[in-house]
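Asker: okay, predicted coordinates and the sequence, questions at the end:
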Amino acid sequence: MKLLTRNELTLMLVWAFHDEKVESAINPHVDAHTLYCNVMALPVAEAAAVVSHARSGNVPPSDPVALARWTRGLMMLREMLTQPMCTLSIAEPEPMVRASAAA
């Protein structure tokens with residue numbers, strides 16, 4: 001998987017925690033669940049900052065300490081998401097098969 005930009009990752013986190021409400025969803029979207037599991041694997045302070053601010057949609061945080069934890073959490077999460085066993089379908093380009101089938 002390609003390395004996501006901070007903005008792309010931020011949008012995906014807000015989508016998962018704020019829009020999809022992955023923490024309480026009965027059957028969450030697979031990508032939201034993948035993000036959730038990886039965030040929970042972060043150190044406690046960084047995970048708390050990411051969850052809190054993604055949940056509220058208040059990103060990046062204005063408090064300097066929260067901003068430092070948010071930034072460190074994002075950087076660690078970006079690295080985790082590039083691992084071979086971690087894929088997000090919403091971050092991948094559409095397969096060419098669909099485009100050729102429509103023609």
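Answerer: Noted; the coordinates are in hand.

Asker: name the next helix or strand downstream of the helix or strand containing H53, please.
Answerer: Secondary structure from DSSP states H and E places H53 in helix 44-56. Per DSSP H and E, the first helix or strand lying C-terminal to helix 44-56 is helix 64-81.

Asker: quick one: average confidence on stretch 14-30?
Answerer: Averaged over stretch 14-30, pLDDT sits at 93.

Asker: buried ones in that stretch?
Answerer: By neighbour count with 16 or more other C-beta atoms under 10 Å, stretch 14-30 contains the buried residues V14, W15, A16, F17, H18, E20, V22, P28, H29. All C-beta atoms are positioned from the backbone trio N, CA, C, and that covers glycine.

Asker: and stretch 44-60, by the same measure?
Answerer: Quick answer for stretch 44-60 (16+ other C-beta under 10 Å): E46, A47, A49, V50, V51, S52, H53, A54, R55, V59.

Asker: pick the one among these closest to R72.
Answerer: Closest approach to R72 among those (C-beta to C-beta): E46, at 5.4 Å.

Asker: any idea how far that closest one lies from L67?
Answerer: 12 Å (C-beta to C-beta, to the nearest Å).

Asker: thinking again about what came up before, just the buried residues of stretch 14-30: which are in strands?
Answerer: Of the buried residues of stretch 14-30, none are assigned to strands by DSSP state E.
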